[in-house]
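1. Here is my input, please return the structure:
(one chain, ligands or ions: 2)
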Amino acid sequence: MKILVVGGGGREHALCWKIRKSPIVERLYCAPGNAGIAQEADCVDIAADDVFALTDFAIDKAIDLVVIGPEAPLVAGLGDRLRAIGISVFGPNADAAQVEASKAFTKELCDRAGIPTARYGKFTDPQEAKTFLDSLSPPYVLKADGLAAGKGVVIPETREEAEAEIDEMMSGKFGDAGKTLVIEEFLKGEEASFFAFCDGITAMPLISAQDHKRAHDGDKGPNTGGMGAYSPTPVAGPAIVRQTMDEIILPAIKTLADEGMPYSGVLFAGLMISEDGPRLIEFNARFGDPECQILMMRMLSDIVPYLKACADQELGGMPPLSWHGSAAVTVVMAAKGYPGDYEKGTEIRNVDAASAMDQVTVFHAGTKRDAEGRLLANGGRVLNVTARGNSYREAIDRAYQAVDVIDWPGGFCRRDIGWRALKTSS
Ligand code: AMP
Ligand code: GLY
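-> Ligands and ions are numbered 1, 2, ... in the order given. Predicted coordinates for the structure are as follows:
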């Protein structure tokens with residue numbers, strides 16, 4: 001089988017690493033890829049959102065399956081174009097990808113499908129938005145409706161701050177994404193990320209994983225794309241998995257299919273596990289990054305038949321996935337200054353030595369090689385040091401031993417990834 005993976009981050013490195021292990025893969029391409037992905041796949045110099053060039057490439061190379069990593073090409077309709085010419089695609093069409101592209105779309109889907117979620121209102125008028133605050137108690141959850149690179153959510157503690165924030169968001173703080181505002185009731189509980197493979201008709205659960213969104217230790221500092229993650233999530237045991245499938249994932253898949261927007265790919269549900277069970281915070285139309293990295297480390301099954309089954313509506317006939325029973329963590333190494341200003345081009349050494357350690361794999365996010373073959377940082381999040389162990393303690397210790405082998409004065413990482421899991425399991 002000839003496969004094209006679209007994207008160039010740590011998530012796509014992990015996907016390529018896992019896909020490469022499949023005996024049924026004959027050629028693997030990745031567009032645009034990165035220095036780590038180049039060890040697994042033929043990297044192609046096409047941007048992940050260049051829908052036309054990607055489609056031409058897929059036709060030219062007679063690709064059998066395209067696996068789309070990030071949300072931008074999904075929302076731009078790459079899935080639609082490839083399906084229209086008969087190429088199998090892992091990833092939803094643009095209409096179903098609205099679950100991620102529009103928070104209001106998801107809230108309305110929840111209403112129609114009876115999915116438990118926070119009570120909300122949707123506003124284009126600041127005065128109406130402020131009046132709605134009367135019906136809520138603090139803290140308030142304010143969300144820009146559109147895609148805002150994961151930064152469009154603000155949670156003010158007081159009414160005064162909330163009103164000021166409404167004015168800022170609606171006057172363009174997040175660009176057009178904030179012109180429509182969703183305001184929600186604040187949910188209490190512990191967060192967990194849940195992933196399910198979907199083929200448009202049915203769905204199959206993967207395992208849970210949880211990221212650390214804040215830049216600094218103690219879950220402090222600014223929000224980021226994710227500074228690390230751990231799996232399994234102690235808070236999402238088997239009963240929660242069943243409830244999430246029955247009350248959230250399957251109703252969403254059925255409603256989207258009934259409305260002519262079948263969802264194929266991986267559906268990522270951000271959950272709040274409340275006293276009354278799982279509540280949906282948000283859907284994403286793709287794997288989490290860095291959650292994907294640990295899912296790939298823990299997956300025992302060959303992933304390729306599952307990706308193809310999602311694309312071809314054949315998931316119903318597939319056996320359940322099998323997993324390493326162990327724990328896994330990933331520690332993100334980022335350029336100093338991230339998520340603010342940071343330098344590109346600093347040299348990184350000893351990554352291969354770290355990756356050769358027992359039950360450790362270092363996935364690359366923003367990396368490139370210079371003409372002499374030196375590895376350079378080429379982004380904010382740069383490496384994902386990922387390890388498995390028989391316990392959280394073992395996995396965490398292995399990951400940090402590998403981090404300490406890497407020689408990168410220009411980088412930093414959090415030192416407390418997995419702390420919540422350690423606390424629960426000890
Ligand atoms: P989102 O971009 O929708 O995932 O929101 C970002 C973060 O804001 C989530 O990971 C939660 O920590 C928090 N959050 C979002 N919605 C709520 C809510 N209704 N109640 C409590 N926390 C929330
Ligand atoms: N790590 C969170 C995300 O990928 O959205």
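2. contacting residues around stretch 396-403?
-> Judged by Cβ atoms under 8 Å, 6 or more residues apart in numbering, the contacts made with stretch 396-403 from elsewhere in the structure are 230, 329-331, 333, 354-355, 357-360, 362, 385-389, 413, 415, 417-418, 422. (Each C-beta comes from the backbone N, C-alpha and C, glycine too.)
3. rerun at 7 Å
-> 329, 331, 333, 354, 357, 359-360, 362, 385-387, 389, 413, 417-418 (Cβ atoms under 7 Å, 6 or more residues apart in numbering).
4. Buried ones from the residues you listed, can you make that a PyMOL selection?
-> Listed next is the PyMOL selection for buried residues among these, using 16 or more other Cβ atoms under 10 Å:
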select buried, resi 329+331+333+354+357+359+360+362+385+386+387+389+413+417+418
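5. among the contacts of stretch 396-403, which are in helices?
-> Applying DSSP state H to the contacts of stretch 396-403, the entries found in helices are Ala354.
6. ok, the contacts of stretch 396-403 vs ligand 2, which is closest?
-> When these are ranked by distance to ligand 2 (Cβ to the nearest ligand atom), Ile417 comes first, at 12.7 Å.
7. Is that closest one in contact with Val331, as I believe?
-> Yes: look at Ile417 against Val331 with Cβ atoms under 7 Å: they come within range, at 5.0 Å.
8. shared neighbours, those two?
-> With contacts defined as Cβ under 7 Å, 6+ apart, the residues shared by Ile417 and Val331 are Gly228.
9. Up against ligand 1, what does the stretch 101-250 of the chain have?
-> 118, 141, 143, 153, 184, 186-187, 191 (Cβ under 6 Å from any ligand atom).
10. tell me the two of those residues that are most distant?
-> Across those, no pair lies farther apart than Lys143 and Glu191, at 15.4 Å, counting by Cβ to Cβ.
11. Give me the more crowded residue out of those two.
-> Legend: neighbour count by other Cβ atoms under 10 Å for Lys143 and Glu191, higher for Lys143 (26 against 17).
12. Just give me the longest helix of the chain.
-> Scanning the chain for the helix with the most residues, using DSSP H, yields helix 392-405.
13. What parts of this structure come near ligand 2?
-> If contact is defined as Cβ under 6 Å from any ligand atom, the residues of the chain in contact with ligand 2 are 150, 211, 225-226, 284, 288-289, 291.
14. Filter the residues you listed down to just the ones in helices.
-> Among the residues of the chain next to ligand 2, the subset assigned to helices under DSSP H consists of Glu291.
15. what's the farthest-apart pair in the residues of the chain next to ligand 2?
-> Greatest spacing in the residues of the chain next to ligand 2, by Cβ to Cβ: Gly150 and Glu291 (13.1 Å).
16. between these two, which one's more packed in?
-> For Gly150 and Glu291, the more surrounded residue by other Cβ under 10 Å is Glu291, and the numbers stand at 28 against 14.
17. Next, the contact list for that one, please.
-> When the contact criterion is Cβ under 7 Å, 6+ apart, the partners of Glu291 are 193, 209, 211, 229.
18. Quick check: closest non-adjacent residue to it.
-> Closest residue to Glu291 in three dimensions, ignoring its sequence neighbours and counting by Cβ to Cβ, 6 or more residues apart in numbering: Ala209, at 4.1 Å.
19. In this structure that neighbour contacts Thr233, no?
-> Yes: at 6.4 Å, Ala209 counts as touching Thr233 under the criterion of Cβ under 7 Å.
20. Counting neighbours, go ahead and name the busier of those two.
-> Residue environment comparison for Ala209 versus Thr233 gives the larger neighbour count to Ala209, 28 against 24, counting by other Cβ under 10 Å.
21. Now do the contacts for the more buried one.
-> By Cβ under 7 Å, 6+ apart, the contact set of Ala209 is 193, 229-231, 233, 288, 291, 294-295.
22. Highest neighbour count among these?
-> Each of the contacts of Ala209 was scored by neighbour count (other Cβ under 10 Å); the top score is that of Ser231, with 32 neighbours.
23. Just the pLDDT at the closest residue to that residue other than its chain neighbours, thanks.
-> Nearest non-adjacent residue to Ser231, counting by Cβ to Cβ, 6+ apart: Ala209, 3.8 Å away. Per-residue confidence (pLDDT) for Ala209: 92.
24. Angles on the backbone of Ala209, please.
-> For Ala209, the backbone dihedrals are phi -160, psi 150 (criterion: degrees, to the nearest 10).
25. bridging residues for it?
-> When bridges are taken as DSSP bridges, the partners of Ala209 come out as Ser193.
26. The residue in the stretch 101-250 of the chain that ligand 2 sits nearest to and Cys198: what is the separation?
-> Checking the stretch 101-250 of the chain residue by residue against ligand 2 with Cβ to the nearest ligand atom singles out Gly226 as nearest, at 3.4 Å. Computed with Cβ to Cβ, to the nearest Å, the distance linking Gly226 and Cys198 is 22 Å.
27. isn't Arg27 right up against Leu4?
-> No: with contacts defined as Cβ under 7 Å, Arg27 does not count as touching Leu4, sitting 9.0 Å away.
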